[in-house]
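> I'll drop the sequence and a predicted model, then ask my questions.
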Amino acid sequence: FKRVTTHILSEMKLKGEKIAMLTSYDFSMASIVDKAGVDVILVGDSASNVMAGHETTLPITLDQMIYHGASVVRAVNRALVVVDLPFGTYQGNSKEALCSSIRIMKECSADAVKLEGGREILESVNRILSAGIPVMGHLGLTPQSIHKFGTYAVRAKEEEEATKLLEDAKMLEEAGCFALVLEKIPASLATKVAESLTIPVIGIGAGGGVDGQVLVAHDMLGITQEFSPRFLRRYHNLFAEMKGAVENYIEDVKSKDFPSEREQY
Ligand code: KIV
Ligand code: NA
């Protein structure tokens, strides 16, 4: 099988073949997700919540993202690997944006970076692209701006924000981004964006009219528990399964069932 490239993703959009994307933050999860055949693996800054237990994505550092990214890349044979630029490493300073992206590309051997925002970060996007680094955009609910929004509610329900989002999407495409993530916006708006752009649009909580879907792997596997938005489909309850297995182990240790004769030297 061949590796997924940005070119293959744009071909998939042309053919109407949906793109499947999931997050991974470590070697073990990434090898499962890649072997299952997902097209794109996102090393999301959601690692800040899922891996480190923070309330928001803001605290995670570039060094930490690079650790996660490098661990994922070592496991992947097929998927395109995109690494999030964390908060504070690209906004308002295009030179820093380029330096952060170069570190991700070199130290992780990643395939691309993802940044949150539109016109506000256009200069950074342009400068990263000028170095030949593929950029994925991210509009709608952008969690690094949670303190500006004040809520994780659906974005762009009003005309003004919807118009700005469509303009930003076109701006990112024109700049040369290879794909765009739309998070938690009305399905009708997401469909309109996907139809207006030639680059693939990947949705999370953005309905079925886009070119692909992304979820946090730990959420769709049911490893995380508290997070339960409408857009999340749970394919398993791994929290309960893993907890049950650990309980069985504890029981076996306490009852001296483990280890048995066959499990010792
Ligand atoms: O960090 C992340 O997991 C993301 C996806 C939800 C798109 O950015
Ligand atoms: Na993210």
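Here it is on my side, so go on. Ligands and ions are numbered 1, 2, ... in the order given.
> how about the helices of the stretch 101-250 of the chain, start to end?
Ranges of helices within the stretch 101-250 of the chain are 122-130, 146-149, 159-175, 187-196, 217-220, 238-254, based on DSSP state H, counting those that start in this stretch.
> mind checking which of the ones you listed is nearest ligand 1?
Minimum separation from ligand 1 across these (CB to the nearest ligand atom) falls at helix 217-220, 8.9 Å. (Glycine included, C-beta is placed from N, CA and C.)
> ok so, going back, the helices of the stretch 101-250 of the chain into TSV, with extra columns for mean neighbour count?
Shown next, in TSV, are the helices of the stretch 101-250 of the chain (neighbours: other CB atoms under 10 Å):
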stretch	mean neighbour count
helix 122-130	19
helix 146-149	11
helix 159-175	16
helix 187-196	18
helix 217-220	22
helix 238-254	12
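> Turn the ones you listed into JSON lines, columns for mean pLDDT and distance to ligand 2.
As requested, those are exported to JSON lines (pLDDT from 0 to 100; distance: least, CB to the ion, whole Å):
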{"stretch": "helix 122-130", "mean pLDDT": "98", "distance to ligand 2": "16"}
{"stretch": "helix 146-149", "mean pLDDT": "96", "distance to ligand 2": "11"}
{"stretch": "helix 159-175", "mean pLDDT": "98", "distance to ligand 2": "16"}
{"stretch": "helix 187-196", "mean pLDDT": "98", "distance to ligand 2": "17"}
{"stretch": "helix 217-220", "mean pLDDT": "98", "distance to ligand 2": "13"}
{"stretch": "helix 238-254", "mean pLDDT": "98", "distance to ligand 2": "22"}
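> now those in JSON lines, with distance to residue 60?
Shown next, in JSON lines, are these (distance: least, CB to CB, whole Å):
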{"stretch": "helix 122-130", "distance to residue 60": "18"}
{"stretch": "helix 146-149", "distance to residue 60": "14"}
{"stretch": "helix 159-175", "distance to residue 60": "23"}
{"stretch": "helix 187-196", "distance to residue 60": "27"}
{"stretch": "helix 217-220", "distance to residue 60": "15"}
{"stretch": "helix 238-254", "distance to residue 60": "23"}
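> Which per-residue confidence value corresponds to the residue in the chain that ligand 1 sits nearest to?
As assessed by CB to the nearest ligand atom, ligand 1 sits closest to residue 44 within the chain, at 2.3 Å. Here, the pLDDT recorded for residue 44 equals 99.
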